[in-house]
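# The sequence isn't on hand, but the structure is:
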């Protein structure tokens, strides 16, 4: 099993790059005007290249049962997260709109660009294809159930499922299963590798810049803002204590493959995702609630991620084959 120092060293580069994005924004080098175009580049070019590099002709995904299990497990984690966070919000009598926002913000862990480099550092690239399948299941629930929760059941984001990363994933799986693509020509594979190598660091820089923006909005991040201390305590309790405990329990109880157990352990340690803030803005949720949840769990996770992973790998016996 990886030692605490090994896990700590795997986490530090992630937060160093996020901090770099934070300071680039703070210094005015990374302009807010660049966010939309950079996000578009990540979602429509860099991350699809990352998917192609890790999925195409990958023997790890030879089993259709493994793919289905990873997709279902990913979807299950967000269903559990949404449900528990919504019940928690009701228990402290939030207003309805804030209840729905809190459920989505606290119920969804950062499932992509923070856990991926940690998984790579600890377990190698073999686990990444399964992580991508896990994320696919999570995305399906995100754009359906999570959006329906934000809108009070009025609409889902079904059309958003037809996005470039998901289409790329499906195409890669079809090429693997139906056409048995063995490899890409080097003239294609080399640019794909170069672009895929940019996906995670650029995304982490963008996360750091967004966090800088959130922290500067002191009116919504302050603990004392309109007496929101119970909400902040609940966000920490749900996202960084209760949900990790439940995910680790599932990892212990369910007959999952080793790679999927490792993914669940890393996912259990993650803070709230940044993306729900964009969803809240789009679908009319309470921005202040989402910002508080994301910023406070992200800051605390700097210190909580390594011990949760150490404990998770030990209790689930997934640190070694």
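That came through fine. Because the structure is predicted, anything quoted here is derived from the model rather than measured.

# From here on, just use CA atoms for contacts and neighbour counts.
Will do.

# measure residue 121 to residue 169 for me?
23 Å (Cα to Cα, to the nearest Å).

# ah, wrong one, I meant residue 89
Residue 89 is 35 Å from residue 169, by Cα to Cα.

# before we move on, what about residue 77?
Going from residue 77 to residue 169 by Cα to Cα gives 20 Å.

# So which of those two has more stuff around it?
Legend: neighbour count by other Cα atoms under 10 Å for residue 77 and residue 169, higher for residue 77 (24 against 20).

# mind listing what that one touches?
138, 247 (Cα atoms under 8 Å, 6 or more residues apart in numbering).

# what helix or strand does it sit in?
helix 64-91 (DSSP states H and E).

# Tell me where the stretch 51-200 of the chain is predicted with low confidence.
Residues of the stretch 51-200 of the chain meeting the criterion pLDDT under 70: 57-60, 62, 154-158, 179-183.

# give me the number of residues near residue 153?
Quick note: residue 153 (other Cα under 10 Å) scores 12 neighbours.

# Can you tell me the SS state at residue 255?
Look at residue 255: counting by DSSP: H, G, I helix; E, B strand; the rest coil, its state is coil.

# For it, give me its contacts.
Contacts of residue 255 (Cα under 8 Å, 6+ apart): none.

# if I look at it, how far off is residue 316?
For residue 255, the distance to residue 316 - Cα to Cα - is 11 Å.

# May I have the distance across stretch 268-278, first residue to last?
22 Å.

# how much space between residue 127 and residue 295?
28 Å.

# now residue 251
27 Å.

# neighbour-wise, which of the two wins?
Legend: neighbour count by other Cα under 10 Å for residue 251 and residue 295, higher for residue 251 (26 against 22).

# Hmm, that one is touching residue 263, no?
No. Using Cα atoms under 8 Å, residue 251 is not in contact with residue 263, being 9.5 Å away.

# Helix, strand, or coil at residue 184?
Of the three states, residue 184 takes coil according to three-state DSSP.

# residues near it, how many?
Residues near residue 184, counting by other Cα under 10 Å: 14.

# show me what contacts it?
With contact set as Cα under 8 Å, 6+ apart, residue 184 has no partners.

# Could you pull out the helices in the stretch 51-200 of the chain for me?
Listed in chain order, the helices of the stretch 51-200 of the chain (DSSP state H, counting those that start in this stretch) span 64-91, 96-107, 115-123, 128-141, 147-150, 164-174, 186-216.

# Pick the most buried one from those.
helix 96-107 (a mean of 27; mean count of other Cα atoms under 10 Å).

# tell me which strands and helices that one is in contact with?
Helix 96-107 is packed against helix 64-91, helix 147-150, helix 275-283, helix 287-316, with contacts defined by 3 or more Cα pairs under 8 Å, 6 or more residues apart in numbering; DSSP states H and E.

# and it with helix 64-91, angle?
Taking axes from the mean of the first three to the mean of the last three Cα atoms, to 10 degrees, one finds that helix 96-107 is oriented at 140 degrees with respect to helix 64-91.

# Give me the angle between helix 96-107 and helix 275-283.
Counting by the same axes, to 10 degrees, helix 96-107 lies at 150 degrees to helix 275-283.

# Let me know the angle separating helix 96-107 from helix 287-316.
Going by the same axes, to 10 degrees, helix 96-107 makes 30 degrees with helix 287-316.

# Find the nearest non-adjacent residue to residue 151, please.
Once flanking residues are discounted, residue 151 sits nearest to residue 283: 6.3 Å by Cα to Cα, 6 or more residues apart in numbering.
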